[in-house]
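S.K.: Need the 3D shape of this:
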Amino acid sequence: MRLTSVLRGAVVGLRERFDFGGRDVARWFPGHMAKGLKDMKTRLRVVDCLLEVHDARIPFSGRNPLLKEALSIRPHLLVLNKMDLADLTHKSRILEQLERQGLKHVLFTDCLKDENIKEILPLVTKLISNSERYQRAENVESCLMVIGVPNVGKSSVINSMRRLHLRKGTIRDHLVGEEIIADYLLYTLNHQQQFSYVERYGLTSPCDDVESVLKSIALYLGKTNRIRVRTGTGDVTVRAPNYNAAACDFIYSFRKGHLGKVMLDQA
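M.R.: Numbers count the residues shown, from 1 in each chain. So this is what the prediction gives:
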């Protein structure tokens with residue numbers, strides 16, 4: 001028998017409700033949220049649909065009531081994110097209660113696995129097509145406003161949608177060229193007197209020649225390729241430095257901060 005099952009039946013006298021006991025707690029609506037709400041209201045005339053992101057673990061109490069009142073004039077989809085962290089045993093009851101509150105369009109999501117993220121755009125498109133767009137009726141593009149209180153996963157939802165629908169995020173290294181990126185980082189590190197790469201990759205001294213540095217890195221890390229070379233006496237297999245693999249490791253180390261703190265933009 002699992003310990004949790006034993007404890008459920010054995011522990012008694014636990015509190016059934018939480019009492020603040022007169023302790024002072026932070027007010028619900030801090031100043032920066034009031035400013036954000038004001039900015040949202042001014043932008044509503046160009047918005048076709050509201051995508052409200054909220055934490056699935058607090059589907060009722062955590063939503064800002066002023067947010068609901070102020071932004072209820074546009075089609076609205078409530079995304080209850082972080083469903084992987086929520087106990088959804090009573091999911092149907094949650095949906096029923098939300099519907100009683102006027103929320104008919106609710107979606108549970110998990111951005112770590114992109115679960116249900118693909119359903120957002122079709123739902124939003126349907127909501128927009130079934131609503132009056134007023135002064136935006138002739139505009140073929142749709143404007144979606146993502147809203148929600150802090151730390152509920154708004155950025156995670158946006159990034160998941162970009163990843164699934166646009167198939168893009170930042171520019172991929174190979175589109176620029178790993179060796180070009182490594183060369184620029186080498187230049188920057190040397191220019192700012194950041195020579196941590198020397199010790200990290202077992203170099204004897206700083207060097208400004210990227211080909212030489214990448215060759216040393218490849219040999220130090222054992223990143224080599226077997227190459228067959230044809231000679232006058234027959235084919236010979238030799239090991240050559242993998243410059244691309246070395247460049248990738250150099251870039252990775254830079255991004256992880258292993259090569260020191262650097263400011264790429266200069267004031």
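
S.K.: Can you give the contact residues for stretch 206-224?
M.R.: Stretch 206-224 is contacted by residues 179, 182-183, 186-187, 190, 195, 197-198, 201-203, 239-243, 245-247, 249-250 when judged by C-beta atoms under 8 Å, 6 or more residues apart in numbering. The C-beta positions use only the backbone N, C-alpha and C, and glycine is treated the same way.

S.K.: Out of those residues, which end up buried?
M.R.: Using 16 or more other C-beta atoms under 10 Å as the burial test, the contacts of stretch 206-224 include 179, 182-183, 186, 195, 197-198, 201, 203, 241-243, 245-247, 249-250 as buried.

S.K.: Restricted to helices, list the residues you listed.
M.R.: Residues from these lying in helices, with DSSP state H as the criterion: 179, 182-183, 186, 197-198, 243, 245-247, 249-250.

S.K.: so what are the domain limits for the protein?
M.R.: What automatic domain parsing lists as the domains of the chain is 32-166, 174-255.

S.K.: Adding mean pLDDT and distance to residue 261 as columns, could you present those in TSV?
M.R.: Formatted as TSV, the entries for those read as follows, by pLDDT from 0 to 100; distance: least, C-beta to C-beta, whole Å:
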stretch	mean pLDDT	distance to residue 261
domain 32-166	85	24
domain 174-255	89	8
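
S.K.: how distant is whichever strand or helix holds residue 174 from the center of its chain?
M.R.: Secondary structure assigned from DSSP states H and E places residue 174 in helix 173-176. Average the C-alpha atoms of helix 173-176, do the same for its chain, and the two points are 21 Å apart (C-alpha atoms, centre = their mean, to the nearest Å).

S.K.: again, but for stretch 181-194
M.R.: 28 Å.

S.K.: Present the domains of the chain as a markdown table; the columns should include distance to residue 262.
M.R.: What follows is these, written out as a markdown table (distance: least, C-beta to C-beta, whole Å):
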| stretch | distance to residue 262 |
| --- | --- |
| domain 32-166 | 24 |
| domain 174-255 | 6 |
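
S.K.: Let me know whether residue 227 touches residue 242 as I believe.
M.R.: No. Counting by C-beta atoms under 8 Å, residue 227 stays clear of residue 242, with 10.4 Å between them.

S.K.: what about the helices in the stretch 51-200 of the chain?
M.R.: Taking DSSP state H, counting those that start in this stretch as the criterion, the stretch 51-200 of the chain contains helices spanning 65-70, 91-100, 120-129, 154-161, 173-176, 178-191, 196-200.

S.K.: which secondary structure elements does the helix holding residue 174 contact?
M.R.: When contacts are defined as 3 or more C-beta pairs under 8 Å, 6 or more residues apart in numbering; DSSP states H and E, helix 173-176 packs onto no helix or strand at all.

S.K.: Contacts for it next, please.
M.R.: Around helix 173-176, the neighbours that count as contacts under C-beta under 8 Å, 6+ apart are 181, 248, 251.
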